[in-house]
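Peer 1: Structure, please.
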Amino acid sequence: MDPDPLGTREAWPRAVVFDHDGVLVDSIRPDFQACLRVFAEHGVELPAERWGREVCGNTGGYTALFQLLTDPADCTGDARVSDAGALVPSREGVSRPTVEELRARLEAYWDELLVPANVPLMPGVRELLTRLTARGVRLAVASSADRRWVTRMLAHHGLAGFFETVVGGDDVARAKPAPDVYREALSRLGVAPEHALAVEDSLTGVSAARAAGLRVVAVPTPYTRSLDYGAAHARITGLPLLTDDLLNRLLEEDEHVPYVR
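Peer 2: From the prediction side, this is the model:
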């Protein structure tokens, strides 16, 4: 189907490629809750902003985050991580966990919290996918997460039929911010990057999509809204704001759309 059968728009995406976690489903909230529990076991309060900056869209982010508890340059025990990012100690002499131990605890909490029933759709997802499909726009997912996780969530929410292909981090050699997942998705679709749009919630995802040559709409989560998304071609506060008019404007040459609230 022609995405613009009446020829009413000068520019229109032939494909839209979505990130998964934080864009299609709200797996970000239970992920943060799992990290909160790990840090609480060691008497440390973890601010949402610091967690979002380290972890969201960054496959190595958990290791960096855990260094706040394992780095001997810091103190652990009853403490909090300041919004500026420094560990503020209030008690010394507590033995430090290893990264492996922390990762094991995190994965145990993931098993409890990151289940389909606890991972709802982001607002407006189904309506947007339905509208794009009706316009003849081809859809794909490009995620740093394992493809099995992504397809499980899509199937649970009845979204699998919207997407022609799903590319996971285990399908490519390099994770975001490398462009591999987006290049692979477009290769499978047979669509050139200049005719495609990416929808991302993380800075690493924006970088990956830009490196692959796509136009990018950023939809930050509550944990990442304070970050600089200036590299995106547009920033919106929710998927319902990804209107037909915005889609058209984004594919126009040199068009950079202001923040849409």
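
Peer 1: quick one: low-confidence parts of the protein?
Peer 2: Across the chain, residues meeting the criterion (pLDDT under 70) sit at 1-10, 57, 59, 72-95, 253-261.

Peer 1: Tell me which stretches of this protein form helices.
Peer 2: Assigned by DSSP state H, the chain shows helices spanning 28-40, 48-55, 61-70, 99-113, 125-134, 147-156, 180-189, 203-211, 244-250.

Peer 1: could I get those helices as CSV with distance to H233 and mean neighbour count?
Peer 2: The way it works is simple: take the backbone N, C-alpha and C, and place the C-beta from them, glycine included. Converted to CSV, the helices of the chain look like this (distance: least, Cβ to Cβ, whole Å; neighbours: other Cβ atoms under 10 Å):
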stretch, distance to H233, mean neighbour count
helix 28-40, 22, 19
helix 48-55, 22, 20
helix 61-70, 25, 19
helix 99-113, 33, 15
helix 125-134, 17, 16
helix 147-156, 24, 17
helix 180-189, 14, 21
helix 203-211, 9, 24
helix 244-250, 6, 17
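
Peer 1: Looking at those helices, which is nearest to A231?
Peer 2: helix 203-211 (5.2 Å; Cβ to Cβ).

Peer 1: Does the closest one pack against any helices or strands, and if so which?
Peer 2: Contacts defined by 3 or more Cβ pairs under 8 Å, 6 or more residues apart in numbering; DSSP states H and E place helix 203-211 against helix 180-189, strand 196-200, strand 215-218.

Peer 1: which one of those lies closest to S27?
Peer 2: strand 196-200 (14.6 Å).

Peer 1: How about residues contacting the closest one?
Peer 2: Residues outside strand 196-200 that contact it (Cβ atoms under 8 Å, 6 or more residues apart in numbering): 13-19, 23, 57, 142, 182, 186, 189, 205-206, 208-209, 212, 214-219, 232, 239, 242, 247, 250-251.

Peer 1: buried set for that strand?
Peer 2: For strand 196-200, the neighbour count (16 or more other Cβ atoms under 10 Å) marks 196-200 as buried.

Peer 1: how far off helix 125-134 does it point, in degrees?
Peer 2: Angle, strand 196-200 to helix 125-134, by axes from the mean of the first three to the mean of the last three Cα atoms, to 10 degrees: 180 degrees.

Peer 1: and strand 196-200 with helix 203-211, angle?
Peer 2: Using the same axes, to 10 degrees: strand 196-200 against helix 203-211 is 170 degrees.

Peer 1: Neighbouring strands - and their directions - for strand 196-200?
Peer 2: With DSSP bridges as the test, strand 196-200 is paired with strand 15-18 (parallel), strand 215-218 (parallel).

Peer 1: Any idea which of these gets closest to E45?
Peer 2: strand 215-218 (28.2 Å).

Peer 1: which residues touch the closest one?
Peer 2: With Cβ under 8 Å, 6+ apart, strand 215-218 has contacts from 13, 196-201, 206, 209-210, 229, 231-236, 242, 246, 250-251.

Peer 1: Flag every buried residue along it.
Peer 2: Those would be 215-218, for strand 215-218 by 16+ other Cβ under 10 Å.
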